[in-house]
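# I need the structure of the sequence given here:
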Amino acid sequence: MRAPERATGSASQPDYLFVVGLDDLDAGKLPVAGGKAANLGELIGAGLPVPPGFCVTAEAYREMAEVADLAEILDRLAVTPPSEAAALAGQARERILAAAVPARVGAAVVEAYRALGDDAPVAVRSSATAEDLPFASFAGQQDTYLNVVGADAVVEAVHRCWASLWTERAVVYRATNGIDHGGARLAVVVERMVDAAVAGVMFTANPVTGRRGETVIDANPGLGEAVVSGAVDPDHFVVDAATGEVVQRRLGETSRSWPSSRSVPASRPTTGRRRTPSGRSTRPGRCGSPRPVRSPRCSRCRPAARTATCECTSASASLRGCTAR
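Numbering: from 1, shown residues only. Purely as a prediction, here's the structure:
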């Protein structure tokens with residue numbers, strides 16, 4: 001998906017003022033695409049495997065903010081102490097959710113999504129222009145939705161990501177770090193879901209000791225969301241970056257309780273279900289089965305009191321590949 005110099009749109013081509021391919025992004029596009037999308041572009045440029053997808057730009061959010069008429073709230077936030085900003089943050093969030101997505105923006109998102117394939121399961125991920133800065137990190141403060149299927153569901157998930165720019169925590173954090181609310185924008189990454197057997201997080205420097213020569217990996221069977229949300233006790237590895245030698249290894253709860261002779265099944269996308277940071281879904285899952293647990297993927301699918309009973313709630317199990325149905 002290559003962006004032309006000027007934004008154009010048609011019935012068969014998305015409006016590139018509002019969407020841009022991840023392969024067109026780099027660190028210099030942070031104001032357009034936010035920190036997460038810009039870094040994905042850097043990974044693609046370095047030749048690393050990145051799932052195909054696109055970015056709904058910060059300009060699309062600006063159009064949404066104009067429709068939601070946030071000017072008055074922004075003026076009031078500018079003179080409101082952080083400790084008193086919660087009510088205004090809630091008003092901004094409600095206005096965005098109550099306003100309709102601009103037609104041109106919605107059409108561009110739908111066309112870009114369709115280019116990924118028929119009913120492709122995707123992750124819809126917030127990418128704020130003020131995140132991953134040298135002096136501030138907004139990790140986990142905006143929404144992410146997983147296993148979203150269908151054009152309408154994708155547009156809705158993008159809409160909710162925009163609203164999450166105005167969570168109380170994000171507003172207070174911006175105010176505390178001197179980041180102008182009026183200049184904050186939220187781009188959104190839409191990329192194909194990965195059918196992950198194991199996933200997690202890798203730090204190229206040890207975040208505890210600061211040692212640059214150590215790579216730290218936290219991983220767990222299934223989707224990486226279980227690791228980054230803190231829902232599981234992951235496997236932990238410290239690797240010598242120069243030699244590749246594992247210098248420290250600690251298995252998490254799932255690996256310790258899962259028989260080594262059994263293979264871990266791949267995760268399966270779930271049509272139409274969307275995951276929020278709270279771990280809940282817009283559709284109920286089929287959990288609570290008395291059958292033995294058959295997959296350690298679900299962060300909540302752990303033996304209760306050492307019994308093999310599925311303890312899943314909501315759609316967490318289906319989103320992380322639990323087969324105890």
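# can you pull out the helices in the stretch 151-300 of the chain?
Here the stretch 151-300 of the chain has its helices, by DSSP state H, counting those that start in this stretch, at 151-163, 168-176, 225-228, 253-257.
# From the chain's centroid, how far away is the first one?
Relative to its parent chain, helix 151-163 has a centroid offset of 12 Å by Cα atoms, centre = their mean, to the nearest Å.
# which strands and helices sit next to that helix?
Packing partners of helix 151-163 (3 or more Cβ pairs under 8 Å, 6 or more residues apart in numbering; DSSP states H and E): helix 58-68, helix 86-98, helix 103-114, strand 122-128, strand 144-148, strand 186-192. To be clear about C-beta, it is placed using only N, CA and C from the backbone, and glycine gets the same treatment.
# Convert the helix or strand hosting N39 to CSV, retaining C-alpha atoms only.
Element membership of N39 [criterion: DSSP states H and E] is helix 30-45. Only the C-alpha atoms of helix 30-45 are listed here, as CSV (Å, rounded to 0.1, in the frame of the first residue of the first chain):
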residue,chain,number,x,y,z
LEU,A,30,5.5,9.8,14.4
PRO,A,31,3.2,12.9,14.1
VAL,A,32,1.2,11.1,11.4
ALA,A,33,1.1,7.6,12.7
GLY,A,34,2.0,7.6,16.4
GLY,A,35,4.7,5.8,18.2
LYS,A,36,3.5,2.2,17.7
ALA,A,37,2.8,2.4,14.0
ALA,A,38,6.1,4.4,13.3
ASN,A,39,8.1,1.7,15.1
LEU,A,40,6.3,-1.1,13.1
GLY,A,41,7.4,0.8,10.0
GLU,A,42,11.0,0.8,11.3
LEU,A,43,10.8,-3.0,11.9
ILE,A,44,9.6,-3.5,8.3
GLY,A,45,12.4,-1.3,7.0
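# Now do that helix, average pLDDT.
For helix 30-45, the mean per-residue pLDDT is 94.
# circling back to that earlier point, how about the helices of the stretch 151-300 of the chain, which one is nearest D143?
helix 151-163 (5.1 Å; Cβ to Cβ).
# re earlier: quick one: the helices of the stretch 151-300 of the chain as JSON lines, columns for mean neighbour count, mean pLDDT and distance to Q142 too.
Formatted as JSON lines, the helices of the stretch 151-300 of the chain follow (neighbours: other Cβ atoms under 10 Å; pLDDT from 0 to 100; distance: least, Cβ to Cβ, whole Å):
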{"stretch": "helix 151-163", "mean neighbour count": "21", "mean pLDDT": "97", "distance to Q142": "6"}
{"stretch": "helix 168-176", "mean neighbour count": "19", "mean pLDDT": "82", "distance to Q142": "6"}
{"stretch": "helix 225-228", "mean neighbour count": "22", "mean pLDDT": "86", "distance to Q142": "13"}
{"stretch": "helix 253-257", "mean neighbour count": "16", "mean pLDDT": "78", "distance to Q142": "27"}
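# Rebuild the ones you listed as CSV, extending it with distance to V198.
Putting the helices of the stretch 151-300 of the chain into CSV (distance: least, Cβ to Cβ, whole Å) gives the following:
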stretch, distance to V198
helix 151-163, 25
helix 168-176, 30
helix 225-228, 10
helix 253-257, 10
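# quick revisit: helices or strands up against the helix holding N39?
So helix 30-45, by 3+ Cβ pairs under 8 Å, 6+ apart, packs with strand 53-56, helix 58-68, strand 122-128, strand 186-192.
# for these, which one ends up most surrounded?
Of all the helices and strands packed on helix 30-45, strand 53-56 has the most neighbours on average by mean count of other Cβ atoms under 10 Å, namely a mean of 30.
# strand partners of it, parallel vs antiparallel please.
Partners of strand 53-56 in the sheet, by DSSP bridges, are strand 19-21 (antiparallel), strand 186-192 (antiparallel).
# Give me the contact list for that strand.
1, 14, 18-22, 25, 32-34, 37, 40, 105, 108-109, 112-113, 115-116, 122, 127, 158, 187-192 (Cβ atoms under 8 Å, 6 or more residues apart in numbering).
# at 7 Å what do you get?
1, 18-22, 25, 33, 37, 109, 112, 116, 127, 158, 187-192 (Cβ atoms under 7 Å, 6 or more residues apart in numbering).
# Determine which of the helices and strands packed on helix 30-45 approaches L77 most closely.
That would be helix 58-68 among the helices and strands packed on helix 30-45, by Cβ to Cβ, at 13.0 Å.
# List the buried residues in stretch 79-92.
Within stretch 79-92, the residues that qualify as buried are T80, A85, L88, A89, Q91, A92, counting by 16 or more other Cβ atoms under 10 Å.
# Name the nearest of those residues relative to G182.
Using Cβ to Cβ, the buried residues of stretch 79-92 come closest to G182 at A92, 11.3 Å.
# In contact with the nearest residue to that closest one once chain neighbours are set aside, which residues?
Counting by Cβ to Cβ, 6 or more residues apart in numbering, A92 lies nearest to W166, which is 4.1 Å off, once chain neighbours are set aside. Going by Cβ under 7 Å, 6+ apart, W166 touches A89, A92, R93, I96.
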